[in-house]
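1. 3D model of this:
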Amino acid sequence: MSISATAVTDPKSLITEEYVKKALIADKGIQAVLKCWKVADFTKRGDNYASEVTSVEVTYSLNDKEEFVTYVVKLNPHRNFGEFQEAEPFLFEKEGKFYKELMPVLNESLMSAGQKPLRYAKCFFVSLEEGKEQLYFEDLRARGFKMFDRRKGMDECHIALVISELARLHAASYLLTKKVLKGESAGARYEFLSKDLLDFTPNTKELFVSWMERCVDTGVIMLDKIGGYETASAWLKSLRSEIENILSLGIQSTRFSSICHGDIWNNNVLFRYNTEGRPVEVMLLDLQMCREASAASDLNYVLCTSVNGDVRKPKLRHFLSLYHSTYKEVLEGGDMPMHFTLEELVEEYRDKNKYGLIFALVIIPIILAETEEVVPEMSDTDIDTLMNDFKAIALEKLKTNPLCKPRFLSIFDEFMETGVIA
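-> Predicted coordinates for the structure are as follows:
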């Protein structure tokens, strides 16, 4: 029986003892006995958008000894937000099946190439029952991982870890395609990878395209208010009619086709630091937008949304070279030849720049907003109200947040210099 959004006022009510017990056994083994558990919230507004995220503190016994463990739980938020509700089951299907079906074979491909498994949290239980969608993960806080301040652009040390891990994910998918799937595309074998916001349902496509169009409109207003960017403003305005094609740019690829994260930005990575405060390890989170697409769509997404221009522009070739060398190392371990050059990667990255820009227009105002200002509280509202709030916050940040203008303009400056904007 399905559960309607209106029937669930608190998504945390979907957590049951049965599900907690299944996660515990998957983690600790059949001998673990659940003693008691409780929900413990730890996230704040602005940390999560498409899901409700909380934790469950579990007391259990094993070998006559009482133990304690915490699991992070991602839940269907049951937000009353029109057509977006239609997308929620698809998003959970993507992430749940990535962990259940795809992660094991990707890790096998890596380990057969002498590489460590992908750096993602362990997933102990997945429920894709309609209306009760939820996933149980290890609590990475116990291993010292922390969320990076979304208002800060990642510095070279942070983004290098993310770039390297993306390269490992993409290279693992190439090994899987060539060695296990024998040339069959991952999207053909794992159907959930081929589903995207543009084709979940006609309604979600219309909603998503409308959202992107309005973000472009807001970007044009911001450029016009700043002044001196008439060429960039006119160019950006012309993109409004191309939104659907631009979003498809990330999908249309051959040589660079990869299993992609799809939503790689500040909020979807955690870092572990050494005693000097330097990041030494990264974990990627949130695979609800995973898909088969050009590897350059992931690179554009993270570099345009989560890195300031004074880091991205002078270090771009270095970052792409790091990606290329890491990817090559994985392939060499798997006795596979490298199938693109650094120059070809740079060209592919430039070809997908519009894709990165579109998502920068969506995410940068959210990144720079204060916790109490974050827009996507998508309950009991509609797209018009949401986007009007989004525009108001973006324009307010332009006036009051000194980080907004350089973060926003650096992308246009860079694209004009490289000829993307002509």
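2. what ranges do the strands span in the stretch 201-350 of the chain?
-> In the stretch 201-350 of the chain, the segments counted as strands under DSSP state E, counting those that start in this stretch are 257-260, 269-273, 279-284, 291-294.
3. Let's see the host helix or strand of Thr385 as CSV, backbone CA atoms only.
-> Assigned by DSSP states H and E, Thr385 falls within helix 383-400. Extracted in CSV, the C-alpha atoms of helix 383-400 (Å, rounded to 0.1, in the frame of the first residue of the first chain):
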residue,chain,number,x,y,z
ILE,A,383,7.3,26.8,-7.9
ASP,A,384,6.3,30.4,-8.2
THR,A,385,6.6,31.1,-4.5
LEU,A,386,9.8,29.1,-4.3
MET,A,387,11.5,30.9,-7.2
ASN,A,388,10.4,34.3,-6.1
ASP,A,389,12.0,33.6,-2.7
PHE,A,390,15.1,32.3,-4.5
LYS,A,391,15.4,35.5,-6.6
ALA,A,392,14.9,37.7,-3.5
ILE,A,393,17.7,35.9,-1.6
ALA,A,394,20.1,36.0,-4.6
LEU,A,395,19.6,39.7,-5.1
GLU,A,396,20.0,40.3,-1.4
LYS,A,397,23.2,38.3,-1.3
LEU,A,398,24.5,40.4,-4.2
LYS,A,399,24.1,43.6,-2.0
THR,A,400,25.1,42.3,1.4
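4. What does the pLDDT read for the residue lying closest to Lys315 once chain neighbours are set aside?
-> Among residues not flanking Lys315 along the chain, Glu156 sits closest, at 6.0 Å (Cβ to Cβ, 6 or more residues apart in numbering). For every residue, glycine as well, the C-beta is placed using N, CA and C. The model reports Glu156 with a pLDDT of 97.
5. Kindly present the strands of the stretch 201-350 of the chain as TSV, with separate columns for mean neighbour count, distance to Lys313 and mean pLDDT.
-> Output for the strands of the stretch 201-350 of the chain, formatted as TSV (neighbours: other Cβ atoms under 10 Å; distance: least, Cβ to Cβ, whole Å; pLDDT from 0 to 100):
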stretch	mean neighbour count	distance to Lys313	mean pLDDT
strand 257-260	25	24	95
strand 269-273	19	21	97
strand 279-284	18	21	98
strand 291-294	25	22	93
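6. For Val39, find the nearest of the ones you listed.
-> Val39 lies closest, by Cβ to Cβ, to one member of the strands of the stretch 201-350 of the chain: strand 269-273, at 21.1 Å.
7. The closest one - contacts with which helices or strands?
-> Helices and strands touching strand 269-273, by 3 or more Cβ pairs under 8 Å, 6 or more residues apart in numbering; DSSP states H and E, are strand 145-147, helix 156-175, strand 279-284.
8. redo that, cut-off 6 Å
-> Identification of packing neighbours for strand 269-273 by 3 or more Cβ pairs under 6 Å, 6 or more residues apart in numbering; DSSP states H and E yields strand 145-147, strand 279-284.
9. With distance to Ala369 as extra columns, can I get the strands of the stretch 201-350 of the chain in a markdown table?
-> As requested, the strands of the stretch 201-350 of the chain are arranged in a markdown table below (distance: least, Cβ to Cβ, whole Å):
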| stretch | distance to Ala369 |
| --- | --- |
| strand 257-260 | 26 |
| strand 269-273 | 19 |
| strand 279-284 | 23 |
| strand 291-294 | 27 |
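10. returning to what we had before: so for the helix holding Thr385, mean pLDDT?
-> So the average pLDDT for helix 383-400 ends up being 80.
11. Could you find the closest non-adjacent residue to Cys404?
-> Lys397 (4.3 Å).
12. State the distance from that neighbour to Val216.
-> 17 Å (Cβ to Cβ, to the nearest Å).
13. And the closest residue to Ser51 other than its chain neighbours, how far from Arg189?
-> Distances taken as Cβ to Cβ, 6+ apart place Lys74 nearest to Ser51, at 4.8 Å, with adjacent residues excluded. If you measure Lys74 against Arg189 using Cβ to Cβ, the figure is 25 Å.
14. Where do the helices of the stretch 251-400 of the chain begin and end?
-> Along the stretch 251-400 of the chain, counting by DSSP state H, counting those that start in this stretch, helices occupy 295-306, 309-333, 342-351, 353-368, 383-400.
15. now these in a markdown table, with distance to Ser164 and mean neighbour count?
-> Converted to a markdown table, those look like this (distance: least, Cβ to Cβ, whole Å; neighbours: other Cβ atoms under 10 Å):
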| stretch | distance to Ser164 | mean neighbour count |
| --- | --- | --- |
| helix 295-306 | 12 | 27 |
| helix 309-333 | 5 | 18 |
| helix 342-351 | 14 | 16 |
| helix 353-368 | 19 | 23 |
| helix 383-400 | 31 | 16 |
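16. quick one, which of these is nearest to Lys182?
-> helix 309-333 (16.8 Å).
17. Now that closest one: average pLDDT?
-> 97.
18. For it, name the packing helices and strands.
-> helix 156-175, helix 342-351.
19. Figure out which of the ones you listed is closest to Glu88.
-> helix 156-175 (24.3 Å).
20. right, and the helix or strand after the closest one?
-> helix 186-189.
21. Can you give me the buried ones in that following helix?
-> 186-187, 189 (16 or more other Cβ atoms under 10 Å).
22. could I get those as TSV with distance to Lys178 and pLDDT?
-> Output for these, formatted as TSV (distance: Cβ to Cβ, whole Å; pLDDT from 0 to 100):
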residue	distance to Lys178	pLDDT
Ala186	11	93
Gly187	15	90
Arg189	13	93
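23. got those as CSV, with distance to Val53 columns?
-> Putting these into CSV (distance: Cβ to Cβ, whole Å) gives the following:
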residue, distance to Val53
Ala186, 27
Gly187, 28
Arg189, 30
